[in-house]
Every structure is written in C-alpha cells, then in structure tokens.
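1. next comes the sequence, and after it the predicted model I'd like to discuss.
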Amino acid sequence: MAKDDSRDRAVRVWFRFVRLESRIQSAVAERLREIGLSVPQCDVLTTLTEAEGVSQQTLAERLYVTKGNISGLLDRLESAGLVERRSIAADRRQYAIYLTQSGREAAERAIAVQHALVEATLGRLGADDLAKFESLLIATRDLVRGLAQRETASA
C-alpha cells in the first residue's frame, strides 16, 4: 500500500474511532439517564464499589477530574442519599467517601446497564475478533500514551 493510501486510511480510521467513542458515550449516557444517573455519577458510584473509604482527592485522581469537580459531584450524590462523607480520624479536614445502601443499589443497576450494553455490542463478536480488537486497542493506547509522554518531556 502506498504511503498516501496508508495515511488516508489512518485518518479515516481515526475519525471512525472518534465517532464510535462518541456514539458509545451517548448510548451509555442515555441508558444511565433511564435509571436516574449521569455518567459522572455512575463513575463515582462504580469506582466506590471497588474502593470505598478513599479520600476525595484519591477519588478525583482515580477519575481524572479536579478536586473542585469531585467536590460538587459528591455534594449532589450526598444530597441524593447515595454517598456519605466520614471524617478521617487522623485528619479532620479530610473525608473518606462511602456508598450508602441506596448508592450501592444504584451502582449495581449502573453496572448491569453497562453489562447489557457490552453484551449487545462487543459480546456479539467472536472470540478471535474480540482478541484482535483488544490487541489493537492496547497498541493504540500505548501510542497515545507515548505521544503524551514525548510532549511532556519536550515541554
């Protein structure tokens, strides 16, 4: 394949990938709205199912958001009765974040919504195709990470 053809294909694949990501995000958001959650709320709740009792700062780092963003999001989730903040004995200025029973149930519903979406999409691919797709995703992720590292190093 000629270099121009390869470059054209790379651009075409890139835009297909970007559009696919947008469609996936929209499908997830629509299904989560049906159960009364936003994507960021789902992210917090499902992250807490893996690691309750983390600080707001740790939660923000895990979700790649600012401390200000996580604070407002936690305020809304706390008002809705889905999470609770507990003072950390060693440092009264910090809080550990925990799911309430309602928050745990909401997280379980959100996880079920995402599992259903996966089954309706990627779950329909054969094992070989899924393995190839995963391999390509990992390779692409590594290229993007390398680009970010090179940009950081040259700044």
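-> Yes, it's here.

2. for Trp121, grab the count of nearby residues.
-> No Trp there; residue 121 is Thr. By other C-beta atoms under 10 Å, the residues close to Thr121 number 11. Where you see a C-beta, it was placed from the backbone N, CA and C, and this is true even at glycine.

3. use 459 as the first number from now on
-> Right, with 459 as the first residue, what we last looked at is Thr579.

4. could you check the pLDDT of it?
-> According to the prediction, Thr579 has pLDDT 96.

5. next, it: phi, psi?
-> With angles defined as degrees, to the nearest 10, Thr579 sits at phi -120, psi -90.

6. and it, how far from Cys500?
-> As defined by C-beta to C-beta, to the nearest Å, Thr579 lies at a distance of 17 Å from Cys500.

7. repeat for Thr610
-> Thr610 is 30 Å from Cys500, by C-beta to C-beta.

8. comparing the two, which shows the higher neighbour count?
-> Higher neighbour count among Thr610 and Cys500: Cys500, with 22 against 8, using other C-beta under 10 Å.

9. surely that one is within a strand?
-> No - counting by DSSP: H, G, I helix; E, B strand; the rest coil, Cys500 is not found in a strand; it is helix.

10. quick one: contacts for Ser529?
-> Gln514 (C-beta atoms under 8 Å, 6 or more residues apart in numbering).
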